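>>> Any chance you could fold what I've pasted below:
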Amino acid sequence: MIFFNQIAEAWASYFGMAILQNTIFLVLVYFVLHLLRKADARIKYMIGVLGIIKLLLPPFIPGHFSLFSITEPVAQSVTVERLVSIETVVQEISMTRPSATAILFMIWVGSAALYLIISSLSSFLLRLSLESAKKLPTRDSLIDLYVSKNIFSPLSMGMFPNRIYVPDYWNAITEKGRKVLLQHELAHIERKDGFVQFLQTVVQALYFFHPFVWLLNERINEYREMACDDYAIEKSSISPGDYSRYLIDIAEKITDPQWSYISASALIKQKHKLLNRVTYQLQEESMQKRSTFKTRAALLILALLILPLSWYCSQENKIPQAPKVTAQDIPSKEADIFTPFDKPPEPIGGFTAIQKNLIYPEIALKAGIEGRVIINCLIDEKGSVVDTNVLMSLGNNGCDEAAIKAIKAIDWKPATQKGKPVKVWIGIPVVFKLDNENTTDTKKLEKNFATYDVPPQPIGGFTVIQKNLIYPELARKAGIEGRVVINCLIDENGQVVDTKILQGIGSGNNGCDQAAIAAIKSVSWKPATQRDKPVKVWIGIPIVFKLDEKE
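Sure thing, here's the model as predicted:
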């Protein structure tokens, strides 16, 4: 869901800007069409197609600001105390629930898909109804002529058609009439109108919500038919008045409009669309039929305006870049969370020595409290426990304090990195089990309370886990650094059979916890041992998230 929300946010920023720019461009298109309202239909058709091209052209010029910012910029200086502010930004970007933008994105995808399905279905039904059409003889070897009783007007269909379908009353029309009507359909084929119709369908699916796009497609459809009417009249040497009478005769045979004609180039689709075409033909002599300086200039200006209205916000402007949290920004007490190690610190005498030094609190003893406490310990280069905090507690019953005392009561071997002692934080489990005198006898301990002399260790050292760690992209972009502690149940075969998060980074919605678990499971483990026998134990494993300096 996080990934889906990110896609939706990117879509909102990118597509939102495209909607704004395309709306401006369409307003300019309508303004130009108004100025050229007496121009030739072919010129107005070209202007409309230019609008379709702009709608399909994705923004390709990077911009340096955004009107669709996702969040406000975060503060410039970040410390551990202010790390929460970064996590707030990350949480807003990567909610586990669908965001409002994600819901809007799903509606857009679903509606666009529905429109394409309806258009495809209409094309399929029309093709199905034309399967019974019979071929007629024709002098044109490139175009086949078919007659069908299922249509009321001559038509062609497809992006690059090579057939023309005519209604069953075709032979009742005079030879001159058939010739001029065929010229109309041939004009659609020669002008590649089927391909433009396909582009219109795609645009309408993408901008199904935009009234200007619906209006543009209506205008283009009208200008296309007018342009083909002009072509037919020119090729057939017939007067506009006589041609209009043929159109009216065919319109009178239309009963109900067929929605399946959406994908076809038909001579007449609907009766009420015929008036403008007839009026255009009757007034054509007073119109500017040929391209003039004004029409050429308008086309050129519109084409040039595509560039300034095709910019997008660059990626760095979409998601505010939170400043990186580095060890220098963190108080020195916490700086060691970034120290990696090959070998963890170990108590001299084994971890059983901690249990031997454990004094069961009186209040916990009387209450019959059992369980496990995990103490986060900072052990320096000399093996001294210099700081502690509680990762997992048994409550306010003295067990936490007793665990810390037991840990500090013994000597430690420091952690090492490349053979040198280092100061590190590590989570240490301490088991509280009644009948304390037998605590070290693993046979009498339940599985959840198993102790060990030697802890489980990754084959190749803990550095291998860090090498296998994949930094979450969301955390990387937000500059998140820190340490995650995962409580792992490692069985007698060295398999990680269960995990729990003891300490995360911030809100936990940045992917670091899951990445840490994946890294731990990616390596092979040597099981813990108790009296030289492998045992199944829980252990807290720290995973460091540290960005490279170059990042």
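>>> all contacts plus neighbour counts: C-alpha atoms, from now on.
OK.
>>> List the residues that contact A232.
V180, L181, L182, Q183, H184, A187 (Cα atoms under 8 Å, 6 or more residues apart in numbering).
>>> and it, that's in a helix?
Yes. Under DSSP: H, G, I helix; E, B strand; the rest coil, A232 sits within a helix.
>>> ok so, going back, now, which of the contacts of A232 sits nearest T339?
Among those, A187 lies closest to T339 (Cα to Cα), at 75.8 Å.
>>> is it true that the closest one touches E225?
No. With contacts counted by Cα atoms under 8 Å, A187 stays clear of E225, the gap being 9.5 Å.
>>> Mind checking which of those two has more residues around it?
Using other Cα atoms under 10 Å, the more surrounded residue of A187 and E225 is E225, with 25 against 20.
>>> Next one: that one from L199, what distance?
Using Cα to Cα, to the nearest Å, one obtains 17 Å as the distance from E225 to L199.
>>> same thing with G479?
In terms of Cα to Cα, G479 sits 43 Å off from L199.
>>> what does S239 give?
From S239 to L199 the distance is 33 Å (Cα to Cα).
>>> Same check on I490?
59 Å.
>>> Would you agree G427 is in contact with D387?
No. G427 is beyond contact range of D387, at 11.8 Å (criterion: Cα under 8 Å).
>>> Compute the number of surrounding residues for G419.
10.
>>> Can you report how many residues neighbour N357?
Neighbours of N357 (other Cα under 10 Å): 16.
>>> hang on, it packs against A406?
Yes. Shown here, N357 and A406 form a contact pair, counting by Cα under 8 Å, at 5.2 Å.
>>> contacting residues for the closest residue to R163 other than its chain neighbours?
Closest residue to R163 in three dimensions, ignoring its sequence neighbours and counting by Cα to Cα, 6 or more residues apart in numbering: D144, at 4.7 Å. D144 makes contact with K135, L136, T138, N162, R163, I164 under the criterion Cα under 8 Å, 6+ apart.
>>> Let me know the pLDDT of the third one.
The per-residue pLDDT reported for T138 equals 76.
>>> neighbouring contacts of the strand or helix carrying Q466?
Q466 belongs to helix 463-468 when elements are defined using DSSP states H and E. Contact with helix 463-468 is made by P340, F341, D342, P458, A519, I520, S522, V523, I543, V544, as judged by Cα under 8 Å, 6+ apart.
>>> and with 6 Å instead?
D342, A519, I520 (Cα atoms under 6 Å, 6 or more residues apart in numbering).
>>> before we move on, the earlier item: more neighbours: which of G427 and D387?
Taking neighbours as other Cα under 10 Å, G427 and D387 compare with G427 leading, 25 against 14.
>>> Now the nearest residue in space to the more buried one that is not next to it in sequence: which helix or strand?
Excluding the flanking residues, the one nearest G427 by Cα to Cα, 6+ apart is N376, at 4.3 Å. If you go by DSSP H and E, N376 is part of strand 371-379.
>>> What mean pLDDT does that strand get?
Mean predicted lDDT for strand 371-379 stands at 88.
>>> and what of stretch 242-262?
71.
>>> count of neighbours near Y207?
18.
>>> Quick check: the gap between it and A402.
Distance, Y207 to A402, by Cα to Cα: 67 Å.
>>> Buried residues, stretch 133-145. List them.
A133, D144, L145 (16 or more other Cα atoms under 10 Å).
>>> Put the alpha carbons of it into PDB.
Output in PDB follows, covering the C-alpha atoms of stretch 133-145 (Å, rounded to 0.1, in the frame of the first residue of the first chain):
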ATOM      1  CA  ALA A 133     -22.400  -8.300 -45.200                       C
ATOM      2  CA  LYS A 134     -22.100  -9.300 -48.900                       C
ATOM      3  CA  LYS A 135     -19.400  -8.100 -51.200                       C
ATOM      4  CA  LEU A 136     -20.400  -5.900 -54.100                       C
ATOM      5  CA  PRO A 137     -18.400  -5.400 -57.300                       C
ATOM      6  CA  THR A 138     -16.400  -2.300 -57.400                       C
ATOM      7  CA  ARG A 139     -13.900  -0.600 -59.800                       C
ATOM      8  CA  ASP A 140     -11.500   0.300 -57.000                       C
ATOM      9  CA  SER A 141      -9.100  -2.600 -56.500                       C
ATOM     10  CA  LEU A 142      -7.800  -1.100 -53.200                       C
ATOM     11  CA  ILE A 143     -11.200  -0.800 -51.500                       C
ATOM     12  CA  ASP A 144     -13.800  -3.500 -51.100                       C
ATOM     13  CA  LEU A 145     -17.500  -2.600 -51.000                       C
END
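>>> hang on, the earlier thing: now, which of the contacts of D144 sits nearest A8?
N162 (42.0 Å).
>>> Can you check the pLDDT for the nearest residue to the closest one once chain neighbours are set aside?
Sequence neighbours aside, I143 is the residue nearest to N162 in space, at 5.1 Å (criterion: Cα to Cα, 6+ apart). pLDDT for I143: 85.
>>> any idea how far I143 lies from Y360?
97 Å.
>>> Repeat that for L128.
85 Å.
>>> So between these two, which is more surrounded?
The neighbour comparison of L128 against Y360 (other Cα under 10 Å) goes to Y360, with 19 against 10.
>>> Just the pLDDT at the more buried one, thanks.
In this model, Y360 carries a pLDDT of 90.
>>> Burial check on I24, number of neighbours?
Neighbour tally, I24, other Cα under 10 Å: 12.
>>> helices and strands around the strand or helix carrying it, which ones?
According to DSSP H and E, I24 maps onto helix 2-35. Helix 2-35 sits against helix 100-129, with contacts defined as 3 or more Cα pairs under 6 Å, 6 or more residues apart in numbering; DSSP states H and E.
>>> Neighbouring strands of the next helix-or-strand element following the helix it packs on in the sheet, and parallel or not?
Next along the chain after helix 100-129, taking DSSP H and E as the criterion, comes strand 134-136. Next to strand 134-136 in the sheet, as set by DSSP bridges, lie strand 144-148 (antiparallel).
>>> Return the distance of the partner strand from the chain's centre.
Averaging C-alpha positions (Cα atoms, centre = their mean, to the nearest Å) puts strand 144-148 47 Å from its chain's average.
>>> repeat for stretch 49-63
21 Å.
>>> In that stretch, which residues are buried?
V49, L50, G51, I52, I53, K54, L55, P59.
>>> Among those residues, which one sits closest to M157?
Looking across these and measuring by Cα to Cα, the closest to M157 is V49, at 18.9 Å.
>>> still on that earlier bit, I figured the residue nearest to N162 hits P161, correct?
No. Between I143 and P161 there is no contact under Cα atoms under 6 Å: 8.6 Å.
>>> What ranges in the stretch 251-400 of the chain fall below the confidence cut-off?
Where the stretch 251-400 of the chain drops to pLDDT under 70, the residues are 254-273, 284-291, 313-338.
>>> Provide the count of other residues in contact range of the residue nearest to E9 when sequence neighbours are not counted.
Spatially, and ignoring its direct neighbours in sequence, E9 is nearest to T101 (6.4 Å; Cα to Cα, 6+ apart). The tally of other residues near T101 (other Cα under 10 Å) stands at 17.
>>> repeat for E252
Neighbours around E252, by other Cα under 10 Å: 10.
>>> roughly how far apart are it and L274?
11 Å.
>>> same thing with V431?
89 Å.
>>> Repeat that for V390.
The value you get for V390 to L274, if Cα to Cα is used, is 82 Å.
>>> What ranges in the stretch 401-550 of the chain fall below the confidence cut-off?
If you take pLDDT under 70 as the line, the stretch 401-550 of the chain has these spans: 436-451, 506-508, 549-550.
>>> again, only this time at 80
435-453, 506-510, 548-550 (pLDDT under 80).
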